[in-house]
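In: Below are the sequence and a predicted model; questions follow.
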Amino acid sequence: MGLMKNFFSQTRKPEGTLGKIMLSGMNSGHAKLADWGFEHLPKLSPKQAADLGCGAGRNAGELLKKYPQAVVTAMDYSALSVQKAKEFNQAMIDAGRCRVIQGDVSKLPLEADSFELVTAFETIYFWPGLEKCFSQVAKILKVGGYFMICNESDGTDKTSKKFESIIDGMRCYTIDEISAALKSSGFSKIQSDHHPEKAWVTIIARK
């Protein structure tokens with residue numbers, strides 16, 4: 001049980017050998033969920049996009065492909081994740097279209113009123129206070145910009161509730177809880193979708 005707890009706790013802040021093992025499976029393991037989330041984005045042509053809690057960098061790479069005119073910033077709390085995300089997106093970094101940085105969502109080190117799109121895949125479970133962090137996202141978005149959240153858990157499924165008991169600091173939220181926090185943080189026009197067969201949820205809010 002101790003080893004299992006230590007391994008799954010790497011989802012919060014991957015580091016060391018266990019963190020490398022966890023990150024090695026993140027890009028492929030979350031791909032279907034992320035692609036389902038991407039389908040919900042409205043037609044956009046962002047010049048600046050950001051993926052917060054970028055993990056091993058796959059979703060930042062998808063943003064780069066989806067929006068060839070955009071510069072994408074990928075950010076993660078984990079130094080190891082930053083390293084892996086840089087490796088994954090090195091060609092785009094070299095081309096000047098991507099930057100990967102280490103940072104804290106509760107005090108985002110990003111330019112205010114600069115982004116048209118911010119995404120967060122499988123990460124808000126670990127954010128230190130939704131309203132506080134969502135307010136930081138609102139701060140970096142331009143007026144009319146979009147914030148998309150994509151979670152594997154709808155906040156009620158048994159599997160995720162089990163992981164809550166294993167992983168320190170993890171909290172799975174319902175759509176209503178996320179939507180309320182977004183409204184309190186300055187977002188409007190909040191739309192959500194629940195996968196018809198799975199616990200997956202996507203929430204898109206506009207500043």
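Out: Thanks, I have the structure now. Note that this is a predicted model, so its numbers are computed, not measured. Numbering: from 1, shown residues only.
In: tell me the centre residue of the chain?
Out: Centroid-nearest residue in the chain, with C-alpha atoms, centre = their mean: Ala120, separated by 2.1 Å.
In: Pull the distance from the strand or helix carrying it to the chain's centre.
Out: Per DSSP states H and E: Ala120 is located in strand 115-121. How far strand 115-121 lies from its chain's middle: 8 Å, per C-alpha atoms, centre = their mean, to the nearest Å.
In: So which residues of this structure form helices?
Out: In the chain, the helices defined using DSSP state H lie at 2-8, 16-29, 31-38, 58-66, 79-88, 90-94, 130-140, 158-166, 175-184.
In: want to throw those helices into TSV with mean neighbour count?
Out: Backbone N, C-alpha and C define where each C-beta goes, glycine included. TSV is the format used below for the helices of the chain (neighbours: other C-beta atoms under 10 Å):
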stretch	mean neighbour count
helix 2-8	11
helix 16-29	16
helix 31-38	17
helix 58-66	21
helix 79-88	20
helix 90-94	14
helix 130-140	20
helix 158-166	13
helix 175-184	17
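In: so Leu52 sits right up against Leu117, yeah?
Out: No: using C-beta atoms under 8 Å, Leu52 is not in contact with Leu117, being 11.2 Å away.
In: distance of Ala49 from Lys198?
Out: Going from Ala49 to Lys198 by C-beta to C-beta, to the nearest Å gives 26 Å.
In: for Leu117, that is, sorry about that
Out: Here the criterion is C-beta to C-beta. By it, Leu117 lies 24 Å from Lys198.
In: which of the two has more neighbours?
Out: Comparing Leu117 with Lys198 by other C-beta atoms under 10 Å, the one with more neighbours is Leu117, at 26 against 14.
In: Read off the pLDDT value for the closest residue to Phe88 other than its chain neighbours.
Out: The spatial neighbour of Phe88 that comes closest, neighbours along the chain excluded (C-beta to C-beta, 6 or more residues apart in numbering), is Gly57 at 3.6 Å. Looking at Gly57, its pLDDT reads 95.
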